[in-house]
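>>> the sequence isn't on hand, but the structure is:
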């Protein structure tokens, strides 16, 4: 990618929302990044333009065959008014992993990190400063060729949009109850479970509805073959602390390689806490609970960072974990990762990237 980024600034700026009333994914900033792909020119015409609707042909591949991938990341404002990104190179590496599986041409990862930094620099005033708030960054790619035929699009659009988001836990971290899904499956090895493609999430809605009917906040997904082994919780990776050891499902081709997941594993190893990536069955989780050795469980992801699990419903059995309270390890992980993200504690791993 040798093209310079063209910048067209918005003439009319939007009013900023009250940071204490921010919700997730509903209010967007003044500008967005775009670039296009054609077979003749590759990825070209990178540009930052005013946020606005886009026009697509009704026959665009994305509408009919779901050829779309996306990422999720955040920018954080520090107390000394710097703006930091958290491991952006990991997100760009993963979008290329998704691209490869969805037959989308690869993107220049280093260039896109710089493009995102430039966009966030322009929108710096949109990065909220209140505790727990951030600027959510959504890069995505869609197939745009107007063609009703089952083959990859020949043309694509890459975009990045931004939205300020409020604190995920405005009233403190409250562990959630999770419904273990035994009928529907999220993904199978050889499918698209290891990618962030739109169809993965649309297919999860039905199970989420059932979880809500059961009074649960999220779904715990089991493997798609035996429906016995734990995979993910909602759209997050999942960890269990059993008898002093932290266990998380191994990346097996149907589990997303979360950036927060990787960060948690690195921290645990650095702290000398045993952590293992392997298959773990719901039966093992149940037996650990029955034996009193299931000490904690939590999900990890960009939105919540750490989401403690206070209980599981599996086959009409309800398991309360750690008396329904957030565990000490969950809280230490949350405080450490958010402290690094917000520039409040040292970053020994070099995870943050300053936007200047």
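Cool, the structure landed. Predicted, not measured: the structure shown is a model, and the values here were computed from it. Residues are numbered from 1 along each chain as shown.

>>> how is the closest residue to residue 349 other than its chain neighbours assigned, secondary-structure-wise?
With sequence-adjacent residues excluded and distances taken as CB to CB, 6 or more residues apart in numbering, residue 349 is closest to residue 266, at 6.3 Å. Using the backbone N, CA and C atoms, a C-beta is placed for each residue, glycine as well. When classified by DSSP: H, G, I helix; E, B strand; the rest coil, residue 266 comes out as helix.

>>> against residue 5, how distant is residue 266?
Shown here: residue 266 relative to residue 5, a distance of 32 Å by CB to CB, to the nearest Å.

>>> ok, residue 95 next?
For residue 95, the distance to residue 5 equals 18 Å [CB to CB].

>>> quick one: the strands in the stretch 251-356 of the chain?
Listed in chain order, the strands of the stretch 251-356 of the chain (DSSP state E, counting those that start in this stretch) span residues 275-277, 294-301, 305-314, 317-320, 352-355.

>>> quick one: buried residues of the shortest one?
The reference is to strand 275-277. Taking 16 or more other CB atoms under 10 Å as the basis for neighbour counts, the residues of strand 275-277 that come out buried are residue 275.

>>> pLDDT (mean, whole number) over that strand?
Per-residue pLDDT values across strand 275-277 average out to 98.

>>> mind giving me the packing neighbours of that strand?
Using 3 or more CB pairs under 8 Å, 6 or more residues apart in numbering; DSSP states H and E as the contact criterion, the secondary-structure elements in contact with strand 275-277 are strand 245-248, helix 259-271.

>>> before we move on, the earlier item: between residue 95 and residue 5, which has more neighbouring residues?
Taking other CB atoms under 10 Å, residue 95 and residue 5 do not tie; residue 95 has more neighbours (24 against 16).

>>> quick one: pLDDT of the more buried one?
According to the prediction, residue 95 has pLDDT 98.

>>> what does stretch 91-100 contact?
69-73, 104-107, 109-110, 112-113, 139, 141, 194-197, 257, 259 (CB atoms under 8 Å, 6 or more residues apart in numbering).

>>> now a ChimeraX select for only the buried ones of those.
With 16+ other CB under 10 Å as the burial test, the buried ones among the contacts of stretch 91-100 are selected in ChimeraX as follows:
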select :69,70,71,72,73,104,105,107,109,112,113,139,141,194,195,196,197,259
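
>>> can you tell me which of the contacts of stretch 91-100 are in strands?
Residues from the contacts of stretch 91-100 lying in strands, with DSSP state E as the criterion: 69, 70, 73, 139, 141.

>>> quick one: which of the residues you listed is nearest residue 334?
Here the nearest of the ones in strands among the contacts of stretch 91-100 to residue 334, counting by CB to CB, is residue 73; it sits at 17.7 Å.

>>> give me the distance between the closest one and residue 240.
With the distance defined as CB to CB, residue 73 ends up 26 Å from residue 240.

>>> quick one, which of the strands of the stretch 251-356 of the chain is packed in tightest?
strand 294-301 (a mean of 25; mean count of other CB atoms under 10 Å).

>>> and that one, what does it pack onto?
Counting by 3+ CB pairs under 8 Å, 6+ apart, the packing neighbours recorded for strand 294-301 are strand 237-242, helix 259-271, helix 282-291, strand 305-314, helix 328-341.

>>> got TSV for these, with distance to residue 353 too?
Below are these laid out as TSV (distance: least, CB to CB, whole Å):
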stretch	distance to residue 353
strand 237-242	22
helix 259-271	13
helix 282-291	37
strand 305-314	17
helix 328-341	11
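
>>> nearest to residue 224, out of these?
Each of these was scored for nearness to residue 224 using CB to CB, and the closest is helix 282-291 (14.1 Å).

>>> list the contacts for the nearest residue to residue 125 once chain neighbours are set aside?
On the basis of CB to CB, 6+ apart, the spatially nearest residue to residue 125 that is not a chain neighbour turns out to be residue 16, at 7.4 Å. For residue 16, the contacting residues are 125, 126, 164, by CB under 8 Å, 6+ apart.

>>> three-state assignment of residue 16?
Of the three states, residue 16 takes coil according to three-state DSSP.

>>> try residue 62
When the structure is split into helix, strand and coil by three-state DSSP, residue 62 lands in helix.

>>> quick one: contacts for the residue nearest to it when sequence neighbours are not counted?
The shortest distance from residue 62 to any non-neighbouring residue, by CB to CB, 6+ apart, is to residue 142 (4.2 Å). Listed by CB under 8 Å, 6+ apart, the contact partners of residue 142 are 56, 60, 62, 67, 68, 156, 157, 159.
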